[in-house]
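Enquirer: Need a 3D model of the following:
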Amino acid sequence: MSAVIHESDLNSEAHHHGPPTGFKRWLYSTNHKDIGTMYLIFALVMLFLGGAMAMLIRAELYMPGLQIVNPDLYNNLVTDHALIMVFGLVMPAAAGMANWMIPMMIGAPDMALPRMNNMSFWLLPAAAILLVSSLLVQFIPGTGTPVNTGWTLYPPLSVQVGLGMDLLIFSVHLLGISSIMASINIVTTILNMRAPGMTMMKMPLFVWAWFFTGLLLIIIMPVLAGGVTMLLFDRHFGTSFFDAAGGGDPVLFQHLFWFFGHPEVYVLLLPSIGVLGMVIPTFSRKPLFGYKPLVYFMGFLFALGLIVWAHHQYTIGMSLGATTYFMIGTILISIPVGLMIFNFIFTMWRGSMTFETPMLFAIAIILMFSFAGVTGVMLAVVPADLQYHDTYFVVAHFHYALIPGAVFGLYAGVFYWLPKWTGHMYDEKLGKIFFWWTTLSFNLTFFPQHFSGLAGMPRRIIDYNIQYIEFNQISSIGAFLFGLSHLLFLYIIIKTVKGGEKAPAKPWDGAQIGTPGLEWTLPSPPPFHSFTTPPEVK
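Expert: Sure thing, here's the model as predicted:
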């Protein structure tokens, strides 16, 4: 009895003092909006950190020869740039949007597991510190080799003695735990916290995209965790899972890594497809064309993405049967992706389109991601890939997939929802300048890399033949312009947070053309066919 009284006293005392304020408000937060905000701020910090590494890489590659960094540090920068952009920028930014918007979109009061939500965020700064330490530790004498493996962490390089690799393995463990917890939370919220009447097939596309993303992460993350744990055992406990000298198989690690690494691409892409499903109907002033097929295509993408991982490994000497299977499976992926793109184009078809910043990004995604799809089919074909493998053609391909496909989708989402998050409208003129600046400089950076790759320039190598000099100089100038554009992005965000024009209840209301507007959380399409005029517009 006394325990009960004591507890109720505590409750009344807590009630009396109110919720924590200041630093404690953020440290102990279980509020989905606050946690979403922290994810987004963390992602912004990581954008500049990973971007600085990319600038250093491009500065080194501006000329042949060794200019700024040594080969080991160069390869370590390549490794950390990739890991920071994947685990530090894209996934946390998408998770921030999920935390902010999903409960509101499905009519839930908060996420299903608020305390776990807090923990899944606070693991990220810890992981980031470990990740950056793995880069810095090489400057301490006697700590062994730097992490010069690239983000794929292949043995035998990753079995070499050195503190940096151990820190990186623990960082990946923490990142994995964080991703799994966030995913369990999101999937649980979507399945159990929908408001009455909100059936699965009425959920906005963004919610569906995150549902599949969460499921993917729950399936693939433990495999990566297992792979890096086996690596740790090989390094310190005398096992030889991947050490050929002890009867192990280095190729086994490649299978474990890519079973995570290929579906991870869809983890990065799906949230952006979800954002497109919100942005394009809003600025086309039309319901989404083919809502149900889009959901099925995402499910198809989810399933196919899990069974084509070894197309990253054509050069390891797999059997003809295995390579043929992976080739055909990979080419099949172009079907749901192509159909999704058609759905988005048909949504815009005969719509009353306006071209605010989120819509500009959405259209750019469709154009540039389609190009990545074409180079992806080239890489899927075994005899061709044997030539392109480990050249800059691959680098160009995946940057065309991931920057438009993932990062531009995040920009579209940020500009679309900033008024919702801050209560202020962003500066539309600056938003458009940022769009054109990033889009043009992105293409200037990565388009030439297709040519240097086809001409045979290998990736992850610090020095190069003089014949590649022009492409590399164009690429580096583009990269510096691309990096610089993000200072404007930061300025726009800070300016919007601090003030500006107050956001109306429905900022994207179609005020320009006087049609009834569409709410933030776009409902599922009304029952009429997408080609007919909505009854309220007639």
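
Enquirer: What ranges in this protein fall below the confidence cut-off?
Expert: 1-17, 509-538 (pLDDT under 70).

Enquirer: would you list every one of the helices in the stretch 351-500 of the chain?
Expert: 357-380, 382-388, 392-402, 409-422, 428-454, 469-498 (DSSP state H, counting those that start in this stretch).

Enquirer: now the fourth one, how far from the chain's geometric center?
Expert: Think helix 409-422. Between the centre of helix 409-422 and the centre of its chain there are 15 Å (Cα atoms, centre = their mean, to the nearest Å).

Enquirer: Same check on the fifth one?
Expert: Mean-position distance between helix 428-454 and its chain equals 18 Å (Cα atoms, centre = their mean).

Enquirer: buried residues in it?
Expert: Within helix 428-454, the residues that count as buried by 16 or more other Cβ atoms under 10 Å are 430-431, 434-435, 437-439, 441-453. C-beta coordinates here come from the backbone N, C-alpha and C atoms, glycine included.

Enquirer: Which other helices and strands does that helix contact?
Expert: helix 357-380, helix 392-402, helix 409-422, helix 469-498 (3 or more Cβ pairs under 8 Å, 6 or more residues apart in numbering; DSSP states H and E).

Enquirer: okay, the ones you listed in TSV with distance to L276 next?
Expert: Formatted as TSV, the helices and strands packed on helix 428-454 follow (distance: least, Cβ to Cβ, whole Å):
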stretch	distance to L276
helix 357-380	5
helix 392-402	15
helix 409-422	7
helix 469-498	19
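
Enquirer: closest to I84 out of the ones you listed?
Expert: Judged by Cβ to Cβ, the one of those that comes nearest to I84 is helix 392-402, at 13.1 Å.

Enquirer: So what touches that closest one?
Expert: For helix 392-402, the external contacting residues (Cβ atoms under 8 Å, 6 or more residues apart in numbering) are 85, 90, 265, 268-269, 368-369, 371-373, 375-376, 378-379, 388, 445-447, 449-450, 452-454, 457-459.

Enquirer: try it again with 7 Å
Expert: Applying Cβ atoms under 7 Å, 6 or more residues apart in numbering, the contact partners of helix 392-402 are 265, 268, 368-369, 371-372, 375-376, 379, 388, 446, 449-450, 452-454, 457, 459.

Enquirer: Could you do stretch 412-426 as well?
Expert: Counting by Cβ under 7 Å, 6+ apart, 97, 100-101, 275, 278-279, 357-358, 361-362, 431, 492, 496-497, 499-503, 507, 520 sit against stretch 412-426.

Enquirer: Could you export it as PDB, CA atoms only?
Expert: Output of stretch 412-426 as PDB, limited to C-alpha atoms (Å, rounded to 0.1, in the frame of the first residue of the first chain):
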ATOM      1  CA  ALA A 412      11.600  17.800 -51.400                       C
ATOM      2  CA  GLY A 413      10.200  16.600 -48.000                       C
ATOM      3  CA  VAL A 414      12.000  19.300 -46.000                       C
ATOM      4  CA  PHE A 415      10.700  22.100 -48.200                       C
ATOM      5  CA  TYR A 416       7.200  20.500 -48.300                       C
ATOM      6  CA  TRP A 417       6.900  20.100 -44.600                       C
ATOM      7  CA  LEU A 418       9.000  23.000 -43.300                       C
ATOM      8  CA  PRO A 419       5.900  25.200 -42.900                       C
ATOM      9  CA  LYS A 420       4.300  22.400 -40.900                       C
ATOM     10  CA  TRP A 421       7.400  21.900 -38.700                       C
ATOM     11  CA  THR A 422       8.200  25.600 -38.000                       C
ATOM     12  CA  GLY A 423       5.000  27.400 -38.500                       C
ATOM     13  CA  HIS A 424       6.700  29.700 -41.100                       C
ATOM     14  CA  MET A 425       6.900  29.700 -44.800                       C
ATOM     15  CA  TYR A 426      10.400  29.300 -46.300                       C
END
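
Enquirer: which residues does G317 contact?
Expert: Listed by Cβ under 7 Å, 6+ apart, the contact set of G317 is empty.

Enquirer: Please report the distance of it from V265.
Expert: Per Cβ to Cβ, to the nearest Å, G317 is found 24 Å from V265.

Enquirer: residue contacts, the nearest residue to A82 once chain neighbours are set aside?
Expert: Excluding the flanking residues, the one nearest A82 by Cβ to Cβ, 6 or more residues apart in numbering is W151, at 3.5 Å. By Cβ under 7 Å, 6+ apart, W151 lies in contact with 79, 82-83.

Enquirer: what about W151, which SS state?
Expert: W151 carries the three-state label coil when classified by DSSP: H, G, I helix; E, B strand; the rest coil.

Enquirer: Show me the helices in the stretch 151-300 of the chain, by range?
Expert: Secondary structure of the stretch 151-300 of the chain (DSSP H, counting those that start in this stretch): helices at 163-192, 205-236, 250-284, 291-305.

Enquirer: can you list these in CSV and add distance to G409?
Expert: What follows is the helices of the stretch 151-300 of the chain, written out as CSV (distance: least, Cβ to Cβ, whole Å):
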stretch, distance to G409
helix 163-192, 17
helix 205-236, 10
helix 250-284, 2
helix 291-305, 14
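
Enquirer: ok, V275 - how many residues close by?
Expert: V275: 29 surrounding residues under other Cβ atoms under 10 Å.

Enquirer: close enough to count as contact, it and Y411?
Expert: No: using Cβ atoms under 7 Å, V275 makes no contact with Y411, being 9.2 Å away.

Enquirer: circling back to that earlier point, for Y325, find the nearest of the helices and strands packed on helix 428-454.
Expert: Shortest separation from Y325 across the helices and strands packed on helix 428-454 is recorded for helix 357-380, at 11.9 Å, computed as Cβ to Cβ.

Enquirer: Can you list the neighbours in contact with that closest one?
Expert: Looking at what lies outside helix 357-380 - Cβ under 7 Å, 6+ apart - the contacts are 272, 276, 279-280, 283, 311, 327, 330-331, 334, 337, 341, 344-345, 384-385, 388, 394, 397, 400-401, 404-405, 408-409, 411-412, 415-416, 428, 431-432, 435, 439.

Enquirer: and if we set it to 6 Å?
Expert: The contact list for helix 357-380, computed with Cβ atoms under 6 Å, 6 or more residues apart in numbering, reads 276, 279-280, 283, 311, 327, 330-331, 334, 337, 341, 344, 384-385, 388, 397, 400-401, 404-405, 408-409, 411-412, 415-416, 431-432, 435, 439.

Enquirer: cool, and stretch 169-177?
Expert: With Cβ under 6 Å, 6+ apart as the criterion, stretch 169-177 contacts 87, 123, 126-127, 130-131, 221, 225, 228, 232.

Enquirer: Could you do stretch 128-138 as well?
Expert: With Cβ under 6 Å, 6+ apart, stretch 128-138 has contacts from 76, 80, 88, 143, 146-147, 163-164, 167-168, 170-171.

Enquirer: Which of these has the largest number of neighbours?
Expert: V147 (31 neighbours).

Enquirer: thinking again about what came up before, buried ones among the contacts of W151?
Expert: Neighbour-count burial (16+ other Cβ under 10 Å) is assigned, among the contacts of W151, to 79, 82-83.
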